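> Give me the fold of what follows.
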Amino acid sequence: MSLSQRLRIGVPVLLVLLLVVWLDTFATTSLELGMLSTETAAPELDTEDLLGIVEMFLIGVGLVILLIGWRRVFNIYFLLLISLTTYGLLENVAAMIEKLLAKNAISGIVLLRDGVIVWLTNILIFAAWYWFLDNAGRKLWDAESRHDFLFPHQSNAIKGYENWEPNLIDYVYLAFSTSTAFSPTDTVFLSTRVKVLALTQSFISLAIVTILTARAVNIIQ
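Just a heads-up that it's a prediction; the model follows:
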């Protein structure tokens, strides 16, 4: 596989994760700003900030591995990287719930903004999961392995789409549909692993939309 092919396959997911790290850091910061406390603490580098710095460094390392051409190493490395990013997402959701249940006064506007940011982060992270498992990782590791999704273009003979293959935007749309409808729409989830991922994504989205955002609206009122 040529360098251009490797970059075309691997760079999009790295860029998505870079965007996720930025959103994750911003959401964590705004969550802290949303807590109205009478005490003033000196600014310090907390765990969330450190996690964001580490994730950005690891994304850079992943790009180097991709440039060198260690395809299987990149696959394993990316799985570890996206797992770390997913952990950051779960930590943000837990932090929102914890701060929501705390006795401190919380700004409803800030909480709403955090709900939107974490919801978008949820979509991007699972879009990266879907893209990697069904497309990028499969091509970098073993192009003959089975697919995890069945898109309508692949199950039906549509004129002009005979050799169609999903790209990253298709997986972003798939993740968006899963977060919005809490279930798959026109795409079939084939493997058990993506069904577990979709279940996790839907649960996170449901928690954000029905619990956190609804509570924030009540605070505003």
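
> Can you find the helix or strand in the protein with the smallest mean pLDDT?
The weakest-scoring helix or strand in the chain, judged by mean pLDDT, DSSP states H and E, is strand 35-36 (a mean of 40).

> could you point out which element follows it?
helix 47-68 (DSSP states H and E).

> Tell me which other helices or strands that next one touches.
helix 3-34, helix 71-101 (3 or more Cβ pairs under 8 Å, 6 or more residues apart in numbering; DSSP states H and E). C-beta coordinates here come from the backbone N, C-alpha and C atoms, glycine included.

> show me where pLDDT drops low in this protein?
Counting by pLDDT under 70, the chain contains low-confidence ranges at 1, 25, 27-49, 51-52, 102-108, 136-145, 183-184, 211-214, 216-221.

> Now stretch 150-158 - C-alpha only, PDB.
Presented in PDB, the C-alpha positions along stretch 150-158 are these (Å, rounded to 0.1, in the frame of the first residue of the first chain):
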ATOM      1  CA  LEU A 150     -24.500  -3.300   5.200                       C
ATOM      2  CA  PHE A 151     -25.300   0.000   3.500                       C
ATOM      3  CA  PRO A 152     -28.300   0.300   1.100                       C
ATOM      4  CA  HIS A 153     -25.900   0.900  -1.800                       C
ATOM      5  CA  GLN A 154     -24.200  -2.500  -1.100                       C
ATOM      6  CA  SER A 155     -27.400  -4.500  -0.700                       C
ATOM      7  CA  ASN A 156     -29.200  -3.200  -3.700                       C
ATOM      8  CA  ALA A 157     -28.100  -2.800  -7.300                       C
ATOM      9  CA  ILE A 158     -28.300   1.000  -7.900                       C
END
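
> If you count neighbours, what's buried in it?
For stretch 150-158, a neighbour-count test (16 or more other Cβ atoms under 10 Å) marks 151, 153 as buried.

> from the chain's centre, how far out does it sit?
Centroid separation between stretch 150-158 and its chain, computed with Cα atoms, centre = their mean, to the nearest Å, is 26 Å.

> can you list the residues that contact it?
147, 161, 164, 166, 170, 186, 187, 188, 190 (Cβ atoms under 8 Å, 6 or more residues apart in numbering).

> What strand or helix carries the fifth one?
Translated: residue 170. Counting by DSSP H and E, residue 170 is part of helix 168-181.

> Identify the farthest-apart pair in the contacts of stretch 150-158.
161 and 190 (19.2 Å; Cβ to Cβ).

> Give me the distance between the spatially most central residue of the chain and residue 3.
Geometric centre of the chain, nearest residue: residue 125, 1.1 Å, by Cα atoms, centre = their mean. Using Cβ to Cβ, to the nearest Å, residue 125 is found at 27 Å from residue 3.

> How about residue 84?
26 Å.
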